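Student: what follows is a predicted protein model with its sequence.
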Amino acid sequence: GAGVSQSPSNKVTEKGKDVELRCDPISGHTALYWYRQSLGQGLEFLIYFQGNSAPDKSGLPSDRFSAERTGGSVSTLTIQRTQQEDSAVYLCASSLLAGTGNTGELFFGEGSRLTVL
Amino acid sequence: GENVEQHPSTLSVQEGDSAVIKCTYSDSASNYFPWYKQELGKRPQLIIDIRSNVGEKKDQRIAVTLNKTAKHFSLHITETQPEDSAVYFCAASSPSNYQLIWGAGTKLIIKP
């Protein structure tokens, strides 16, 4: 693929519903990140996947948030029982190189804009 | 852990003038310092980066300088143009940490 692909681009949901956001990274990229960006704000780290290693979930704001990455490629971020404060743009990024002494360029997707009514 | 501070939060400059954005970091082991540009409604994209074995790097109108002793690095944009209007994010990472630690961002406004 040409770049990181995210879907849906926009999602409007009612408070209390569950949502799933999908990220398809660049082929061959071993590292995958999820960030959250509220309007006019910076990048809030959520979770990181690297190869077959256990993911770093230290940025997940609550146990309503979870993510998985199947087969080292596509990742899904799930938000259960959505709240209004979950409204934000969820950005996925992938990187070819990550790890000791070798941080690589992050390629971001266009993001999924989530609105919780 | 690593902490990155970025200043100013908003910068307004006249078209054609130069713009400078500064970041400081706390982890002396940090060795990689990228800058990302995010235009309104778009994704962040890498515009320039520097590793700790060099003090300055240039790419046309943009340059990044690094002062390891003082633990700060700066983005310089010369001859600013309207298309430079965006939010710029700095970041830092160390060999022991795959994570990029991000600054809070600087909104650059180019006045015509």
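Tutor: Received the coordinates, thanks.
Student: state the next helix or strand along the chain beyond the helix or strand of chain B with the lowest mean pLDDT.
Tutor: Counting by mean pLDDT, DSSP states H and E, the weakest-scoring helix or strand in chain B turns out to be strand B:97-102, with a mean of 80. Once the chain leaves strand B:97-102, the next helix or strand it forms, by DSSP states H and E, is strand B:106-111.
Student: buried sites along that next one?
Tutor: Within strand B:106-111, the residues that count as buried by 16 or more other CB atoms under 10 Å in any protein chain shown are B:Thr106, B:Lys107, B:Leu108, B:Ile110. Placement of C-beta: from N, CA and C, glycine included.
Student: what about A:Gly71, which SS state?
Tutor: A:Gly71 falls in the helix class when you classify it by DSSP: H, G, I helix; E, B strand; the rest coil.
Student: circling back: show me which of the buried residues of strand B:106-111 is closest to A:Ala93.
Tutor: The closest of these to A:Ala93 turns out to be B:Thr106 (CB to CB; 19.9 Å).
Student: pretty sure that closest one contacts B:Thr10?
Tutor: Yes. At 7.0 Å, B:Thr106 counts as touching B:Thr10 under the criterion of CB atoms under 8 Å.
Student: can you pull the contacts of the closest residue to B:Ser12 other than its chain neighbours?
Tutor: Among residues not flanking B:Ser12 along the chain, B:Ile109 sits closest, at 4.3 Å (CB to CB, 6 or more residues apart in numbering or on different chains). Shown in contact with B:Ile109 (CB atoms under 8 Å, 6 or more residues apart in numbering or on different chains): B:Thr10, B:Leu11, B:Ser12, B:Val13, B:Ser85.
Student: perfect, that will be all.
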